[in-house]
Structure formats: C-alpha cells, structure tokens
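Q: Any chance you could fold what I've pasted below:
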Amino acid sequence: MRVFLGYDDYKRKHQSQDVPVYWDPSSIINPHILVCGKSGTGKSTRLKQMIAEAVATAGDEFERYHNLDVHGDLVIEGESRVRFDGETRYGYNPLVLDTDPRTGGVNRQINFLISTINRTSRKLMDRQEATLRNLLTDLYAFYGIHERQPETWVRKEMTEALRDEIWEQRRWSELNLYYPTLRDAIGFAERRLKAMYGGLNGSESGFRAVGALEAMNSAAARKYRAQVKQEKAFSVEEKEKAQKEFDAAVALFREKVDEYIASIENGLEFDNLIKYDSKETLKGVIDRLKNFEARGIFNANPPPFDPAAKVWSYDLTSLSEEEKTLFCMVRAQYIARRRKLLGAVPQVREILGADEAHNLFDDDPDSIYVKICLELRKFGMALWVVSQAPSHFPEAVITTVGTKILLGIDSYYWSASCKKLNIEESVLKFIKPWKTMAVYRDTVGSIASKFIQVQLHAMDTA
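A: Numbers count the residues shown, from 1 in each chain. Next up, the predicted model:
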C-alpha cells in the first residue's frame, strides 16, 4: 500500500528532477494521517485521491476503508454506501462489549455509554448517572453478563426483528445468547419503575413495601395537617378521616414489610431496592434513554453494506451535528474493538477516515480517537482525519500521527501552528493551495523528521 503525494520541491530546485514523495506505511512509524487546510484548499479532493490510491495499491490482507461522510460529498468509486437516519433505522448497538479483559468489560462499556450520552446538549445529573450505571449493571446481569466473569462477556448481536420475535414468542432462555439493546434497557427500567409504584409480582415485594411506606408517610402528613396546622380549619369528620387513612396505611405498610421480609433470600434485596434513588430519578433516566434511542442511529439493525467492497461510506448527511458526533464515536469504538479482538498484525488492515474532523475531537484524554492513535497501530488500524487548522486536533493526536499534510493554513493560525507542529513559518508561506503543500513523515529510524515542501504537479505541467 502506498499513496503518491507529489514531488520533492528541494530536489526539483537543486537537482532539476522530479522525485516522487509517497506515503508508505511500511516506512513510517505509524499509518495515521492528519490533513489540514482551510476551506477551498482541496482537502476533500486530496482525501478522495488518497483513499482511491490506498485501496488500489493495498494487498489482499487489507479489509476496508471506513468513510465517515458527514456531508455526503465524499463519494469513492467502487464504494458501498448506506444512509443513516431515523427513517432507515440502521445503526449500531452501544451495549455490545469489548471482550478483551485488559480493555473491556461491563463497567467500561457503561462508562462509554454514559460519556456518549453526556456528549449531548444535556448532561446527566449526578443522581441520574449513578442510577443509569446501576440500571445497566443489573440489565447485563439479567442477561447473564457480569463484570467479574470475563467468560460471560462473549455474546451474539441481536437485531430489532429478532428481539421482537423472541419477546413475542416468549423464548426467554434465548436472551442469554445475545447482548441487550437500548430497547431492552428501556423496558428493563420501566419494569423497575412500575415495581417502585407498587409491584407486579411477588419477586418485587421490596418495591411494594417502599410504596406502602411512601403512602404511610403521605397519610401521616395529612393527619398532621388536620390535627396541628392552625392556618386551615379542619372539621371533626376530616380529622377522623385522616386518622383512619393513616391507620390503614400503617396496617398496609406492616403487611408489605412482612411480605418483603419473607421474600429475603440473599441479603441483597435492600441494596437492590435503594440503588435506583427515586421514582423521579429513574423516570428521568428512562426519558433520557428514550430520547437517545429515538435518534435512530443506535438501533440494533446492522446496515446492509456490501462485504466485498473495500470502501464503506457512512452517509451521515441527514443527522444533526450532535448525532454525527455520537454516531462516529460509537462506530470508531466498534471498529477498534474488533481489531483488538483479531490480534496484532504487521500491515494496515482497516482505516477509519473523517472529513471535518473538528466535530469529533474534544479535550477528553480517553477519547476513542486518541486511543486509536496511541494503541491501534499494532492491530492494523489507521486513523485519517481532516480539518481546517491544527488547533482542531488534541495534542495527543498531533504528537502521535506519523504523517501530517498541510494544504494551506490561514495566516491567523501561523504563529500557533509553528509552535504546535514544530514547523518554520517559511514552510507555511511556501504553501500555495492546489500547487504546493507541506508534508511531515516520521520515518522509521529517523531521529528528527521535519516538514518537507512538496510540489503537486510534474515539472512539465507545473
């Protein structure tokens, strides 16, 4: 695999010959690429050319380029393209686990989902976050998946159609073969909420006892107001009614407590009772999960990509900016997880590429994109990202990528870029969009690689 970038400007000027400059992952410390250029400098054109050449020159071991197309204009010849939105309902299940004991498990996936939800315009409140964490832990346990038992982490993925079929036919024993979905999380939470409001069966006796306790406290409050408060006059009948309601509530609470005590088996029942905080908190969590699921991109419906195609293009045009960010995070995590499961390989097997990448990055040091840059090279995964200025990329990405390509940075960013990229201002001034660019390749064995000036056209056409 290699990609033609242009001609070495120094050798053209001093040796009067065109010496081609290539991106060759076998000679660079890692296959990650960062491309910078302001609007109009040819970023999309350059990226399409790079994708086409990388795929054309790749060996049989290369599997795929994943094209996260946020504008729908990054069309590659021979690609397989799928549109993602609420209408198509194609998506990926965010509850699928990384089964590597070193990097995966229940807790890490719950953390990832919570951080993904918190990337939306409304972050979870502290109590909601704790409740959601407990809820998802219980959901995984319901499916036989436990944090301290890695052997339980491996499951199959379930489509929406299969899930509906299993539930309609009540084939409950099959649930333990699959990962839960967001719809499962919502249904599980709603059943817990109903139990907190009074319970549906004997196994929820603890929740019914709490409901009776709340009713008793409400009756006590009414009795207190009837007997003590002076600001409102109560008739004798009202006071007697309040007393009777209180007595009935006390009797009911005692009955429910007796039932709860009789149902105790393992000593964990009380902890299970209080960890969802309150009805209001749990209701808020359910609402957030429903809103998250309603985006339509986290359905358990794998898209119909052509498995033989070397380029999969994810058309995200119809999604909001927030939804694009969330989708890309979940997809990046899925691809990275799969590569790690397949083990270490010497060649590039998959590339994840994104134009307008400034929408993907933030200051999170545990970002999936940072992890890909730092950890996934050895597993055959590369990250290609494109944006308008170096400031759009976190430091960990800039200092890690093996190749940086500058197509023309606005002079406003020159001073900061010189420091951030360790590049001389004269090199930035050399760049003329569509004619010249600057390329940094951290080659194997080099101690101090530098940016070189590259001509885009041959001498007879320059």
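
Q: if I pick P303, what's in contact with it?
A: For P303, the contact set (Cβ atoms under 8 Å, 6 or more residues apart in numbering) comprises V82, F84, T88, Y90, G91, Y314. In this view, the C-beta of every residue, glycine as well, is placed from N, C-alpha and C.

Q: pLDDT check: weakest of these?
A: Lowest in pLDDT among those is T88, which has 84.

Q: need the contacts of P303 in JSON lines with neighbour count, can you?
A: Formatted as JSON lines, the contacts of P303 follow (neighbours: other Cβ atoms under 10 Å):
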{"residue": "V82", "neighbour count": "16"}
{"residue": "F84", "neighbour count": "25"}
{"residue": "T88", "neighbour count": "17"}
{"residue": "Y90", "neighbour count": "18"}
{"residue": "G91", "neighbour count": "24"}
{"residue": "Y314", "neighbour count": "23"}
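
Q: so what secondary structure elements neighbour the helix or strand where R191 lies?
A: Using DSSP states H and E, R191 maps to helix 182-196. Under the contact definition 3 or more Cβ pairs under 8 Å, 6 or more residues apart in numbering; DSSP states H and E, helix 182-196 sits against helix 126-142, helix 160-168, helix 205-227, helix 279-294.

Q: and the direction of the last one versus that of helix 182-196, what angle?
A: So that's helix 279-294. Relative orientation of helix 279-294 and helix 182-196, computed by axes from the mean of the first three to the mean of the last three Cα atoms, to 10 degrees: 160 degrees.

Q: cool, the shortest one as well?
A: Counting by the same axes, to 10 degrees, helix 160-168 points 30 degrees away from the direction of helix 182-196.

Q: So which bits of helix 160-168 are buried?
A: Of the residues in helix 160-168, R163, I166 count as buried by neighbour count, 16 or more other Cβ atoms under 10 Å.

Q: elements contacting it?
A: helix 182-196.

Q: Contacts for the helix it packs on next, please.
A: Helix 182-196 has contacts (Cβ under 8 Å, 6+ apart) with 93-95, 135-136, 138-139, 142-143, 160, 163, 180, 200, 204, 207-208, 210-211, 276, 279, 282-283, 285-286, 289-290, 292-293, 298-300.

Q: cool, stretch 44-58 as well?
A: 1-4, 23, 33, 35, 37, 62, 65, 67, 73-78, 310-311, 348, 351, 353, 355, 384, 386, 405, 407.

Q: Secondary structure of S313: a strand, I assume?
A: Yes - per DSSP: H, G, I helix; E, B strand; the rest coil, S313 lies within a strand segment.

Q: pLDDT value on it, please?
A: Per-residue confidence (pLDDT) for S313: 98.

Q: And D277, by the same measure?
A: 77.

Q: any idea of the angle the helix holding R191 forms with helix 126-142?
A: Going by the same axes, to 10 degrees, helix 182-196 makes 110 degrees with helix 126-142.

Q: And helix 182-196, what's buried?
A: For helix 182-196, a neighbour-count test (16+ other Cβ under 10 Å) marks L182, R183, D184, A185, I186, G187, F188, A189, R192, L193, A195, M196 as buried.
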